[in-house]
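1. got a structure for you, letters missing:
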């Protein structure tokens, strides 16, 4: 187990190194950071001082090393656009994105898995057919259009839910949360549905396909022959064995959720990291882009690791397979 | 030649599926409407002399207060929404096709090289593909767009923005093609006809291009079609986010972005109709791709 984690970490290391190298290359060679930070009026002395201060007169690998050292300590420099430390900006925006992403992921799992089980068990019922048609729409609609349509119906025509911002937030030790106020929860509904809908339909289709597959196997027939109640067969035996692919996809989709949060946050003017990133792309604010890139890479690496560990927990065959005879 | 086509399995499976025939017709209408827009669109949204501010915010012709001259209504400057959609679809399709073509060329070349040469080239290329596939392609496209934006002065960027988008989307999609082609190349490389070609003394380049390449292109066609839909959506998403094609050449995504500002004042048609056009276009291409995948799969025949 321990050796497994170590080998996974060693595999993740090159990915992180490559990504930080790209980040560093962006930071050092795209545009002219000195010119951007100095603005219009400067003397040659000020320029030289800034170059020394940024370490741009050092050899390449020393610069990269300094960059890595700073990055590990969470120091990503100053945003060109907002003139504030990048780390501060990201920490400030992170709660909004994380709350949105996890609510969307929770929604996708909590609704998608039962829908998938239902459509797998009763595949000829009209409700299953309705779910499947609905999922086809979910797959072919782009995220931003789902958001716009939801805003049009629930915010403009019906006026039930707010269409932008986070509503009222509570500040708990620096973490702003919208979970504890009525307004905050209401503001969360439309963005979370928008972000989670695609993942919901994906998980539903996956669970359905896996259920259909598993229900045909011999051990299910055997379980039925033993006279086990339907509930035990469906959930104890069948559903449990569909979980490995569901965990893989759900884990990888959590990464996609964070990436597509950029789109959702733009539609709903949600003050998270995605909105910060897109504003930085528009303004060519390299330090923020570099930091965001490394952060996202870290998130993906961690997600992949957690997914691998969950395999171990869910599927005992993998444990035997690893330590045994191959 | 025609006779052979109409006798083929592909044509047979095409005529058997209503959904496919309808999607093909819809896709054809979209493409013709977009390509021929300068001639068949009712108005020219870029011709400032034909735009009248008095016509602004006219609802669609079928609803109350609509004007028969503007079937789908007008936007904030009095431009005909239908014409804007047709011109916009042209940009969307252009970027979609060009980006897919770029991804195919790059992916097929690198996949062929990796599969045929093997060794270090293979290991290096596939590691790059792996790392890139870890990230969603829209993120990669956004990042490339951001880097180019930072590297070039603003005026220059606006001029080449269209090519930047094509490049960014193309780069973000190549690993899919490279992986598929590499897989089929690994299989083909060990077949006897390749050995025969080597025996008669053909060079590696000639074997790869003339002998292996035609045999690995089947799956590329399917992924390419499905990828066209993805590329159109990626362009729309980038343009919606405001980092795609320049505002002077609005695509469907740009139109949706502009229209979004008027959603709250009740002028829903400015944003919803371009959105519908996008969905119809993407859905028909997707359904065609699904059909092509099944038709080319010998197991399902």
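-> Great, that's in hand. Since the structure is predicted, the reported quantities are computational estimates derived from the model, not experimental observations.
2. Name all residues that make contact with the residue nearest the centre of chain A.
-> Centroid-nearest residue in chain A: residue A:258, 2.7 Å away (criterion: Cα atoms, centre = their mean). By Cβ atoms under 8 Å, 6 or more residues apart in numbering or on different chains, the contact list for residue A:258 reads A:97, A:101, A:274, A:296, A:299. Where you see a C-beta, it was placed from the backbone N, CA and C, and this is true even at glycine.
3. Now intersect these with the strands, please.
-> Among the contacts of residue A:258, the subset assigned to strands under DSSP state E is empty.
4. of those, list those near chain B.
-> For chain B, the contacts drawn from these by Cβ under 8 Å from any Cβ of the partner chain are residue A:296.
5. ok, residue B:75 touching residue B:84?
-> Yes - applying Cβ atoms under 8 Å, one finds residue B:75 in contact with residue B:84, separated by 6.9 Å.
6. the more surrounded of these two?
-> Using other Cβ atoms under 10 Å in any protein chain shown, the more surrounded residue of residue B:75 and residue B:84 is residue B:84, with 29 against 25.
7. And that one, which helix or strand is it part of?
-> helix B:81-117 (DSSP states H and E).
8. Name the residues of that helix that are buried.
-> Applying a neighbour-count criterion of 16 or more other Cβ atoms under 10 Å in any protein chain shown, one finds B:81-96, B:98-100, B:102-104, B:106-116 buried in helix B:81-117.
9. related to what we said a few turns ago, helix, strand or coil: sort out the residue nearest to the centre of chain A for me.
-> helix (DSSP: H, G, I helix; E, B strand; the rest coil).
10. What parts of the stretch 51-200 of chain B come near chain A?
-> B:127, B:131, B:134-136, B:138-139, B:142-143, B:145-147, B:149-151.
11. Among the residues you listed, the buried ones, what's the ChimeraX command?
-> Only the buried entries of those go into this ChimeraX selection, using 16+ other Cβ under 10 Å:
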select /B:131,134,135,136,138,139,142,143,145,146,147,149,150
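12. Quick one, which of the residues of the stretch 51-200 of chain B next to chain A has the minimum pLDDT?
-> Least confident entry in those, by pLDDT: residue B:134, with 72.
13. ok, now which ones touch the most centrally placed residue in chain B?
-> By Cα atoms, centre = their mean, the mean C-alpha position of chain B lies nearest to residue B:96, the distance being 2.5 Å. Counting by Cβ under 8 Å, 6+ apart, residue B:96 touches B:228, B:229, B:231, B:232, B:235.
14. mind checking the backbone torsions on residue B:261?
-> Per-residue torsions, residue B:261: phi -70, psi -20 (degrees, to the nearest 10).
15. Correction: the previous question concerned residue B:72.
-> Here is the backbone geometry of residue B:72 (degrees, to the nearest 10): phi -110, psi 20.
16. That one contacts residue B:267, doesn't it?
-> No - at 11.8 Å, residue B:72 does not count as touching residue B:267 under the criterion of Cβ under 8 Å.
17. okay, these two: which has more neighbours?
-> Set residue B:72 next to residue B:267 and count neighbours by other Cβ under 10 Å: residue B:72 wins out with 24 against 21.
18. Beyond whichever strand or helix holds residue A:203, next helix or strand please.
-> When elements are assigned from DSSP H and E, residue A:203 belongs to helix A:182-215. Under the assignment DSSP H and E, the closest C-terminal helix or strand after helix A:182-215 is helix A:218-225.
19. so the residue nearest to residue A:197 when sequence neighbours are not counted is in which element?
-> Leaving aside its sequence neighbours, residue A:197 sits nearest to residue A:138 (Cβ to Cβ, 6 or more residues apart in numbering or on different chains; 5.0 Å). Per DSSP H and E, residue A:138 falls inside helix A:126-140.
20. Now do that helix: which elements does it pack against?
-> Under the contact criterion of 3 or more Cβ pairs under 8 Å, 6 or more residues apart in numbering or on different chains; DSSP states H and E, helix A:126-140 touches helix A:86-121, helix A:182-215, helix B:269-296.
21. one step back: and the helix holding residue A:203, what's buried?
-> Going by 16+ other Cβ under 10 Å, helix A:182-215 has these buried residues: A:184, A:187-208, A:210-211, A:214-215.
22. At the contact with chain B, which residues of the stretch 51-200 of chain A appear?
-> Residues of the stretch 51-200 of chain A found near chain B (Cβ under 8 Å from any Cβ) are A:140-145, A:148-149, A:151-152, A:155-156, A:163.
23. Buried ones only from those, please, as a PyMOL command.
-> To isolate the buried subset of those in PyMOL, counting by 16+ other Cβ under 10 Å, use the following:
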select buried, chain A and resi 140+141+142+143+144+145+148+149+151+152+155+163
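24. Which one of the residues of the stretch 51-200 of chain A next to chain B is nearest to residue A:21?
-> For these, the minimum distance to residue A:21 (Cβ to Cβ) is 30.4 Å, reached by residue A:143.
25. Would you agree that closest one is in contact with residue A:194?
-> Yes - with contact defined as Cβ under 8 Å, residue A:143 reaches residue A:194; the gap is 6.4 Å.
26. Show me the common contact partners of the two, please.
-> A:264, A:267.
27. how far away is residue A:26 from residue A:209?
-> Taking Cβ to Cβ, to the nearest Å as the measure, residue A:26 falls 41 Å from residue A:209.
28. for residue B:263, that is, sorry about that
-> 37 Å.
29. What of residue B:28?
-> Per Cβ to Cβ, residue B:28 is found 32 Å from residue A:209.
30. Is chain A within reach of stretch B:214-228?
-> No - Stretch B:214-228 lies out of reach of chain A by Cβ under 8 Å from any Cβ, never closer than 11.7 Å.
31. what about that stretch, distance to the chain center?
-> Centroid displacement of stretch B:214-228 relative to its chain, using Cα atoms, centre = their mean, to the nearest Å, is 13 Å.
32. For it, which outside residues touch it?
-> Outside stretch B:214-228, the residues that touch it by Cβ under 8 Å, 6+ apart are B:96-97, B:100, B:103-104, B:107-108, B:111-112, B:173, B:176-177, B:180-181, B:184-185, B:188, B:285-286, B:288-290, B:292-293, B:296.
33. Also stretch B:27-38?
-> Taking Cβ under 8 Å, 6+ apart as the rule, stretch B:27-38 contacts B:40, B:44, B:83, B:86-87, B:89-90, B:92-93, B:277, B:280-281, B:284-285, B:288.
34. confidence score at residue B:104?
-> Note on residue B:104: pLDDT of 94.
35. who touches it in this structure?
-> Neighbour list for residue B:104: B:177, B:220, B:224, B:227 [criterion: Cβ under 8 Å, 6+ apart].
36. Then residue A:118?
-> Contacts for residue A:118 (Cβ under 8 Å, 6+ apart) come out as A:127, A:128, A:131.
37. let's go with 7 Å and repeat that
-> By Cβ atoms under 7 Å, 6 or more residues apart in numbering or on different chains, residue A:118 lies in contact with residue A:128.
38. what about chain B, any weak spots by pLDDT?
-> Chain B contains residues with pLDDT under 70 at B:1-6, B:48-50, B:52-57, B:61, B:65-68, B:297-301.
39. Now do the helices in it.
-> Here chain B has its helices, by DSSP state H, at B:2-7, B:9-15, B:18-35, B:37-40, B:81-117, B:119-134, B:137-151, B:154-189, B:192-199, B:204-206, B:213-240, B:252-260, B:269-296.
40. Give the buried residues for the second one.
-> Spelled out, it's helix B:9-15. Counting neighbours by 16+ other Cβ under 10 Å, one finds that the buried residues in helix B:9-15 are B:13, B:14.
41. which strands and helices sit next to it?
-> Packing partners of helix B:9-15 (3 or more Cβ pairs under 7 Å, 6 or more residues apart in numbering or on different chains; DSSP states H and E): none among the helices and strands.
42. ok, for residue B:234, nearest residue in space, not its chain neighbours?
-> residue B:169 (4.9 Å).
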